[in-house]
Every structure is written in structure tokens, then in C-alpha cells.
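J.: Can you look at this prediction? I've put the sequence above it.
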Amino acid sequence: MSSTASSLPARIELTGEDLVLRDWTEEDLAAMPDLFDHPDIAYWTPIVSPFDAEAARARLAKARQLRADGTTVLLAVTVDGGAPLGEVMLRRAPEGTEIGYAIGPAHRGQGLAARAVRVMAAYAFEQLGVEQVILELEADNAASVGVAVRTGFSLLDVPLIEGEEKGRPYVLQTWGLNR
């Protein structure tokens, strides 16, 4: 993050697309394992696996620390500000302002990821003043590629990102959406 970038607010609540994206709280800890302890989440995301009560507490603490550092926002995806159905992330990094998401298995198929991405992109454009947001996706992750396409992102002509997470090699494509 450049020294000219603005800091992130201590509290964030975003509404739109029939969603309320809000800060994680201690009241969410019990629900987090049902959202994140799943083979798909373990495979496609860097979220720890297995995801248990201890992992939930660590994720809440990490979300608060990343916000305080001014680099990352992790918000619970809800329909009414109540029970979390998943998470959406906004991360300011040298390669761009990245959005990421994970929707709990019981809540998939409702367009939650696409709607959360649109709300978070609008926040990045309108409140943070960024010109472009990116998604970094594996080409084989059909669900996430579908979200990218449905939300208007285009595959960018930039080098692939290769790495390893949890002992599994990955290759990420970068998709972009301009203001």
C-alpha cells in the first residue's frame, strides 16, 4: 500500500444487491466453521483447514489486524445484517486492489458471491477511489470463473501467478473490472 492511500475505517457496513456486508463479530464465531470447514474452501482458498472454533477465533483476530494495518477488509456476507452466509474480502496489494470471497456450502446457488463482489467493487471505486479491482482465480474453478463473468470482469493479459498453498501448486489468472 502506498503511503498516500487512505486508511480503512474501523467499522464498515455496506448495503446493496439485497445484501448487508458487515464486520465479523464474536457472535459469528460459532457459525464460521459451518461456512469455512468444507473441502471446496480448503481446496480453492488459503483459508485454514480444518476450520474449527480455534480457527474462527484466529480469523476474527486476523481480520481485525489486517484492517488496522490498512491493507485488507474481511466482511461477513449477510442478507439482513444477521447470520453470516460467507465472506467477501478487499485487499490492497502491489498487484492491485483484489476482491475475494467464500460462500458457505449451504448458501451457494443464490448469487451471493456475485452480489457481494459487485457491492465490494462499488465500495472500492466510490469510497477508496481505485480505478480497477481484480480477482485472482484458478481457471479450473468454474464457480469463481462464473462469478467473474457474471460481474463484468475480463481476463487481463498479465502473467499468471504461480505458487503453492497447503502443499498444492496453483496457477492464478487475473481478472479485472474498471471503474
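T.: Here it is on my side, so go on.
J.: SS state for residue 54?
T.: When classified by DSSP: H, G, I helix; E, B strand; the rest coil, residue 54 comes out as helix.
J.: Same question for the one 3 residues further on.
T.: When states are read from three-state DSSP, the local structure at residue 57 comes out as helix.
J.: dump the residue contacts of the spatially closest residue to it that is not a sequence neighbour.
T.: Using Cβ to Cβ, 6 or more residues apart in numbering and skipping the chain neighbours, the partner closest in space to residue 57 is residue 29 (6.3 Å). Placement of C-beta: from N, CA and C, glycine included. Residue 29 makes contact with 53, 56-57, 60, according to Cβ atoms under 8 Å, 6 or more residues apart in numbering.
J.: Next one: residue 29 relative to residue 22, how far apart?
T.: If you measure residue 29 against residue 22 using Cβ to Cβ, to the nearest Å, the figure is 15 Å.
J.: Also residue 148?
T.: The gap separating residue 148 from residue 22 is 24 Å, by Cβ to Cβ.
J.: Same drill for those two, tell me which one is more crowded.
T.: More crowded of residue 148 and residue 22, by other Cβ atoms under 10 Å: residue 148, with 23 against 19.
J.: can you confirm that one is in a helix?
T.: Yes: Residue 148 sits within a helix when classified using three-state DSSP.
J.: which residue sits closest to it, ignoring its sequence neighbours?
T.: Of all residues apart from its sequence neighbours, residue 175 sits closest to residue 148 (Cβ to Cβ, 6+ apart), at 4.5 Å.
J.: Neighbouring strands - and their directions - for whichever strand in the chain runs longest?
T.: Secondary structure of the chain per DSSP state E: the longest strand is strand 168-178. Partner strands and pairing direction for strand 168-178 (DSSP bridges) are strand 132-138 (antiparallel), strand 154-155 (antiparallel), strand 161-165 (antiparallel).
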